[in-house]
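**Student:** model this:
(3 chains)
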Amino acid sequence: MMFKKSYGFIYLTPMAILVVVLYILIAWNLVASLTLWNGILPTWHFAGLKNYINLFTFNRFWDDLRHNLIWLVVFIVPTTFLGFILADFFSSMKRSEKVFRQIFLFPMALAPVVTGTLWAWVYDPGSGVLNSVIKAFGVNTARLGWIADPRIAIYCMIIAGIWQYVGFAVVVYLGAIRGLPTEMYEAARLDGAGRVRIMFSITFPNVGHGTLISTTMLAIFTMKVFDLVYIMTGGGPGDKTEVLPFLMYQIAYSQRDFGMGTAISIVILVLAAAMVIPYSRWAISKWVQE
Amino acid sequence: MSEVTERNQNRWPFVIVIVLAVLWLVPVYAMVVTSLKTQTEVANQQYLAPPAAPQVANFGAAFSPLRRGIINSLIITLPATFLAVLIGSLAAYYLIFFQFRYATLVFFAIVFASFLPYQVVLIPLTQLLNTLRLLDTYAGLIFAYLIVNTPMAALIIATFFMKAPKSFLEAAAIDGCKPFPFYRMILVPMSIPGIVSAAILVFVQIYNEFLLALALTLSPAVQPVMPTLASLRGSQVAQWQIQMAGAIIVSVIPLLVFIFLSRYFISGLMAGYSKE
Amino acid sequence: MKVLRSLFLLLLVLAVTAGMAFASGSTESGGSSSSGGTAAPAKQFLIYDYWTAGGEKQAIDALFKMFKDKHPGVEILENQVAGGGGSNMLAVLIGKLQSHNPPDAFQASMGSQLKDYADAGYLDPVDSIWQSTNYANNIDPMWVKMMKFDGHYWTVPLNAHRTNWLWYNKKIFDQLNLKPPTDFNSLLADAKAIKAEMPNVAPISLGVKEKVWSTYIFDMVDLLTGGVDFMQKVDSGVIDYKTDPTFRKAMERYAELLPYFYPYSSTKTWDQAAALLKTGDAAMYWMGDWVLGYFLSIGMKPEVDFSAVALPGNVWEGHADSFPMPKGAPHPQLAKDWLEMLTTVEAQKTFNLIKGSVTILNNVPSNIYPDPYRKLSADTLHSGNAQVTSDGFHGGLMTANFGGDLQNILTQFLSDGNVDNAINQIANAAQRDNLKQNMSWYWAQ
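**Tutor:** Numbers count the residues shown, from 1 in each chain, chains lettered A, B, ... in the order given. Purely as a prediction, here's the structure:
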C-alpha cells in the first residue's frame, strides 16, 4: 500500500453508496418476498413463507428451472468445446487468425434484442430463412416448426446463444493456449502424435484455468437470459422456452403479484450466488497475492 | 513426420474454420441482404439471393421510428459510462493504493455485485425510482445503470491498476507525490488502455441493455432504442426488410466500437481472468 | 497514447454535453419529473392512454379536439404508452397514484382491475356525473355491474368492443359452399370440411405470441357449451373445476378444436394472425371487432374478402375502455369536465366511429356505422333483448393474476391437448390466486 492517509476515503464514497444501495435493494427483495403485496395497494400483508410454498408447488416454476438447467448444460458444453477447438486451430494460424477471430467474436457486440430478432426470423416456420432454404432443396417443411415446435424450441434458442457467445470462449482459450510452453508440443510431435490427440491429451488438460473462467462466465450468463426469450418467443410455445428471470418479470409486472415476483428474484439470487461465490473467492485470492 | 503430412495436418483445421466461419456469417448475410430488398422480393423468400437493386429507402423507413430511441440511448449511455468509469476507477484506486482495513471485504462485495444477474433487483429498483420520482426520466435510468454497471467497471480497472509497474509507483511515492495528483498525472495516463477497455465494455453493455430500459421507461420521449426496436414489429404481412434494416441501424454504434476498438473490447472482457 | 487521451477527452466532453441535455429537461411531454403538487399550472390537462397509433390515436385526438374547443387555452399533456400491452405503463401509473401524484385522467377498463384501483383508494367516485347525465338508465346494466362497487360508480365507459365475432374468409367459404357456423358443432364441422378440402389452409387462425388470446377461445367454448351464466362462473372461480361436468365438456371441446388451429400460433401476434385470412393461409378467426379496422387497413373488403357472424347471435360479449376519476387530480374541474364530456352523444359518436367500436349509450341509432358488423353489434347491445356479458380477461371477470396463470396453462394446452392436466392446473391456479374470494364482489351485487 502506498498511501496511509485515510482521508482518501472520499475516493471510495460514490462507489460505496452505489454498492450499499444495491445490497439494500437485495434485502428489500427478501422482505417483500415474505408479503402478499400486489403492487397496487400501498400496504403489505406479512405472509411468511407462503410465496415460497406457492412457488415450489407451482409446476411452471419447476419447468422454468428445468429450462435454466437445460441452458446451463446445453449451452455451456458446446460453446466451451467449440471455443476450445477453434482457439486451438487459431493458435496455429498466424496471419488469418485475427480475421477469423473477429468473425466469431463480433456477435458479442450485438444486442441480445438484435440477435433475438435475427434468429426469430431465421427460425420462423412460415417465412423464415431456415425453412426457405430447406424448401429450396425440395424438402417439405410442414413439420419443421423450430421455435413454434414445443419440443425443440428451447434448443433452437440455445443455438442462437451459442452463435452469440462462442467468441468469448475462443478468446479465453486463445489466451490460455498461448501461455503454454512449446516444449510440451515438441515432445509430443516427436513421438508422432496426431493433431487431435495433442489437442485433447495435452492442450486441453493444461488450460483448466481457461475452462474454469469460460464455464463460470457462461454459467452466469445463462442465469440472466431474458432478452432472447422475450424477443424470440415470449416464453412460448406454452411455457416451453420460459426461464426464471422471465417468469419473475411476468408474475410481477403482468400478473401483479409482486410478492411472488420478489420470491422468484431471491431464488435466482441464490442460484447465481452458488455459482458466483466460488468464482469471487478465486478472484479475491488472486487479488490478495498482489 | 514428413513435410507433406505436416502441411495436411495444418490444412484440415483451416478448412473447418472456414466452414464454420461461413456458417457463422450466413445469418448476418441474410439479414443484410434482406434489409435491402423490396417487399415483393422478401415475399419470395429467396433469402440467400441478393436484391435486384438495393433498397436503401428501407433504412430510412426503419430509421424514423428509431431515431428518438437512438438519441435517448446516447443521452443515457454516454454519461452513465463516463460516471461508471470515473467512480469505478476512484474506488479501485482507493482499494489498491490505500491502507484500508476492510479493503478485501469491500472488494468481495464489488466482485459479487458485478456478477449478479441484475434482474434480481429489478422490482425494488422500480420502486426506488418511483419513490424518487425518477421513473421515466433520463436521470433515473442513468442511476439504475450506474448501480448495475459500476462494480464491473471498478473490477476491470482494478485489474489494470494492479498491473502498473511497482517500481515506477514507488519512485513517485518517494518523491512525495500526493494522492490525487498521483492518480491524475501518473496512474490514469498509464492505465489508459485499461480504462478505455472498461469504458467500452460498459458502454456496449448499457447500450445493448433491454430489461431495465423496458421496465423503467414508458413514454417514447425517454425510451432507449432497444425496447423501441422490440416493439417495432411490422404488423402487416411481415415486413422483414424493415425489421432487419432496423436491427442493423441499431447495431451500427456497438459494431463500430467493436471493429475499431476490438483490442480494448477484448482486453476488457478478459480483465481479471488472465494469469499474469 | 495521444489518440487515446483525445478519445478519453472526447468521451468526457460528449458525456458532459449529454448530461447537460438531460439536466435541462427529463421528459419532453412533461409529466413525471415536474411535480404535480399543489401549484400545477391551471391550463394543463394530464392524461394517460394506450392509444398510440393508427385509428385509435386518431380517435382520441378527435376527442382532445372536442375538449379543447370547449376549453380554449388548455394544454393537453398526453403520456402515450409505447408498445406492449400496458404492463410498463401500469407500473409507472401505479407509482404516480401511490405517491399521490396522479394524472387528471387515465385509461382503465372495468371489473377486477378497476376495483383494485378503487380499493386502494386511488379513485374518487363518479356518482355525481352518472346521476347528472342519467347515465345508468341509458346504457346496458352489464356496464353498471362492472363499474359499480360498494354502492358507488367508479369510472365512465366510452366505447364498447364486441368480442364474440367469428370472422371468416368469404372466398374460401363460397368456394367450399360452407355456411358460417351458428354453434359449436357447426363450427367444428366447418373446420373439418376446410381441413379436408384444403389441407394447406388452417381452418381457424390463432396468434398466441401474446398469450392472452388463448383465453378468448377459452371463453368461447365456455359460452357455446354452458351459456353466459356458466362462462361467467368459470372466469370468476365459482365452479369446481375438477368435478364440474360442463367444464370438462367445454375443455374437451377446446381439445377437439386443437388440430384445426394455425399450427404456428405461438409465433404470431393477433394482427399477424388476422393477416393470415388475407393471404388465404387461414379461413376463420375468433376475435373482437377491433380487428375490423385492421382488416380494412390491409386492404380487405368487407363482404367480399371477409365476413363475420356473431356467435352466438343472441349474446353480446365484450368490454369497454373507460376513464375513472383519480383522487387528488391536479386539475379536478378539468378532470370532471372530461368525464362529463365522455358521456355525451357527440363525444361517443366521434370517438367510436373512428375507433371501430360502438357507443355505450343505447340511444344512438346504429345507422351511423358504415359497416354491417358494427350496426349489428350496436343493435344487439342496445336492444335490451340480448344477453350481455363482459369478456373474461380484458373485461375484468377474472383477476389479472389468475388471467396470467390461465393464459400460460392454455398455451401449454395448445401443444399437448391434455384435458386432465389443464383442468387440474386451472383448479390449482384458482386456488393459489384466491380467485373466488377476489371475485366475490361480482356475485354479491
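**Student:** Run through the helices of the chain in chain order.
**Tutor:** Chain wasn't specified; assuming chain A. A:13-32, A:50-56, A:59-91, A:97-105, A:112-123, A:129-136, A:153-178, A:183-190, A:195-198, A:204-206, A:208-224, A:227-232, A:244-249, A:258-289 (DSSP state H).
**Student:** Switch to chain B, please.
**Tutor:** Counting by DSSP H, chain B has helices at residues B:3-35, B:39-43, B:57-97, B:103-115, B:122-131, B:138-162, B:166-174, B:179-181, B:188-190, B:192-208, B:211-215, B:225-230, B:240-260, B:262-270.
**Student:** Redo the helices of chain A as TSV? Include distance to B:Ala164.
**Tutor:** All C-beta spots, glycine's among them, are computed from the backbone N, C-alpha and C. Shown next, in TSV, are the helices of chain A (distance: least, C-beta to C-beta, whole Å):
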stretch	distance to B:Ala164
helix A:13-32	19
helix A:50-56	48
helix A:59-91	29
helix A:97-105	27
helix A:112-123	35
helix A:129-136	49
helix A:153-178	20
helix A:183-190	32
helix A:195-198	37
helix A:204-206	29
helix A:208-224	23
helix A:227-232	37
helix A:244-249	38
helix A:258-289	14
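**Student:** Save these as CSV, and put in mean neighbour count too.
**Tutor:** Below are the helices of chain A laid out as CSV (neighbours: other C-beta atoms under 10 Å in any protein chain shown):
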stretch, mean neighbour count
helix A:13-32, 18
helix A:50-56, 18
helix A:59-91, 19
helix A:97-105, 17
helix A:112-123, 25
helix A:129-136, 18
helix A:153-178, 23
helix A:183-190, 12
helix A:195-198, 15
helix A:204-206, 14
helix A:208-224, 20
helix A:227-232, 24
helix A:244-249, 25
helix A:258-289, 19
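**Student:** Make TSV from those helices and add mean pLDDT and distance to chain B to it.
**Tutor:** Shown next, in TSV, are the helices of chain A (pLDDT from 0 to 100; distance: least, C-beta to the nearest C-beta, whole Å):
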stretch	mean pLDDT	distance to chain B
helix A:13-32	92	3
helix A:50-56	89	13
helix A:59-91	92	4
helix A:97-105	87	5
helix A:112-123	91	5
helix A:129-136	87	4
helix A:153-178	91	6
helix A:183-190	76	7
helix A:195-198	77	5
helix A:204-206	81	12
helix A:208-224	83	4
helix A:227-232	89	4
helix A:244-249	91	5
helix A:258-289	80	4
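**Student:** Export the helices of chain B as CSV, with columns for mean neighbour count and distance to chain A.
**Tutor:** CSV is the format used below for those (neighbours: other C-beta atoms under 10 Å in any protein chain shown; distance: least, C-beta to the nearest C-beta, whole Å):
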stretch, mean neighbour count, distance to chain A
helix B:3-35, 15, 4
helix B:39-43, 16, 8
helix B:57-97, 22, 3
helix B:103-115, 20, 4
helix B:122-131, 23, 4
helix B:138-162, 25, 5
helix B:166-174, 12, 5
helix B:179-181, 14, 5
helix B:188-190, 16, 13
helix B:192-208, 25, 4
helix B:211-215, 25, 5
helix B:225-230, 26, 5
helix B:240-260, 21, 4
helix B:262-270, 21, 6
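**Student:** Any chance of JSON lines for those helices, columns distance to chain C?
**Tutor:** Converted to JSON lines, those look like this (distance: least, C-beta to the nearest C-beta, whole Å):
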{"stretch": "helix B:3-35", "distance to chain C": "17"}
{"stretch": "helix B:39-43", "distance to chain C": "10"}
{"stretch": "helix B:57-97", "distance to chain C": "4"}
{"stretch": "helix B:103-115", "distance to chain C": "21"}
{"stretch": "helix B:122-131", "distance to chain C": "3"}
{"stretch": "helix B:138-162", "distance to chain C": "4"}
{"stretch": "helix B:166-174", "distance to chain C": "15"}
{"stretch": "helix B:179-181", "distance to chain C": "17"}
{"stretch": "helix B:188-190", "distance to chain C": "7"}
{"stretch": "helix B:192-208", "distance to chain C": "5"}
{"stretch": "helix B:211-215", "distance to chain C": "6"}
{"stretch": "helix B:225-230", "distance to chain C": "7"}
{"stretch": "helix B:240-260", "distance to chain C": "10"}
{"stretch": "helix B:262-270", "distance to chain C": "9"}
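**Student:** out of these, which comes closest to A:Thr13?
**Tutor:** Across the helices of chain B, A:Thr13 has its closest neighbour in helix B:57-97 (8.7 Å, C-beta to C-beta).
**Student:** residues of the helix or strand hosting C:Asp69 that come out buried?
**Tutor:** Under the criterion of DSSP states H and E, C:Asp69 resides in helix C:54-70. Of the residues in helix C:54-70, C:55-57, C:59-60, C:62-64, C:66-67 count as buried by neighbour count, 16 or more other C-beta atoms under 10 Å in any protein chain shown.
**Student:** Who are the packing partners of it?
**Tutor:** On a contact count with 3 or more C-beta pairs under 8 Å, 6 or more residues apart in numbering or on different chains; DSSP states H and E, helix C:54-70 meets strand C:75-80, helix C:290-297, helix C:332-342, helix C:345-355.
**Student:** The following helix or strand past the second one: how far from the chain's middle?
**Tutor:** Spelled out, it's helix C:290-297. Sequence-wise, the next helix or strand downstream of helix C:290-297 (DSSP H and E) is strand C:306-310. Centroid separation for strand C:306-310 versus its chain: 20 Å, with C-alpha atoms, centre = their mean, to the nearest Å.
**Student:** for strand C:306-310, packing partners?
**Tutor:** Using 3+ C-beta pairs under 8 Å, 6+ apart, the elements in contact with strand C:306-310 are strand C:165-169, helix C:170-176, helix C:372-383.
**Student:** low pLDDT regions in the stretch 1-150 of chain B?
**Tutor:** Filtered on pLDDT under 70, the stretch 1-150 of chain B yields the residue ranges B:1-10.
**Student:** Kindly recompute the last result at 50.
**Tutor:** B:1 (pLDDT under 50).
**Student:** who in the stretch 101-250 of chain C is up against chain B?
**Tutor:** For the stretch 101-250 of chain C, the contact set with chain B under C-beta under 8 Å from any C-beta of the partner chain comprises C:Asn101.
**Student:** so how far is C:Asn401 from A:Phe61?
**Tutor:** Going from A:Phe61 to C:Asn401 by C-beta to C-beta, to the nearest Å gives 15 Å.
**Student:** er, A:Met275 I mean
**Tutor:** On the measure of C-beta to C-beta, A:Met275 and C:Asn401 end up 31 Å apart.
**Student:** Can you name the residues that contact residue 51?
**Tutor:** Looking at chain A here, since you left the chain open. Counting by C-beta atoms under 8 Å, 6 or more residues apart in numbering or on different chains, A:Asn51 touches A:33-36, A:259-260, A:262-263.
**Student:** nope, chain C please
**Tutor:** C:57, C:59-60, C:80, C:107.
**Student:** Among these, name the least confidently predicted one.
**Tutor:** Lowest pLDDT among the contacts of C:Trp51: C:Gln80, with 60.
**Student:** Enumerate the residues of chain A near chain C.
**Tutor:** Residues of chain A lying near chain C by C-beta under 8 Å from any C-beta: A:38-42, A:54, A:57-60, A:120, A:124-126, A:145, A:147-148, A:150, A:233-240, A:250-251, A:253-257.
**Student:** got TSV for the helices and strands packed on strand C:306-310, with mean pLDDT, distance to A:Ala109 and mean neighbour count too?
**Tutor:** Below are the helices and strands packed on strand C:306-310 laid out as TSV (pLDDT from 0 to 100; distance: least, C-beta to C-beta, whole Å; neighbours: other C-beta atoms under 10 Å in any protein chain shown):
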stretch	mean pLDDT	distance to A:Ala109	mean neighbour count
strand C:165-169	96	44	24
helix C:170-176	94	47	16
helix C:372-383	92	50	20
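**Student:** which residues touch stretch C:411-431?
**Tutor:** Applying C-beta under 8 Å, 6+ apart, the contact partners of stretch C:411-431 are A:57, A:59, A:150, A:236-240, C:206, C:208, C:211, C:214, C:237, C:240-242, C:247-248, C:251-252, C:254-255, C:258, C:261, C:265-266, C:402, C:405-406, C:409-410, C:435-436.
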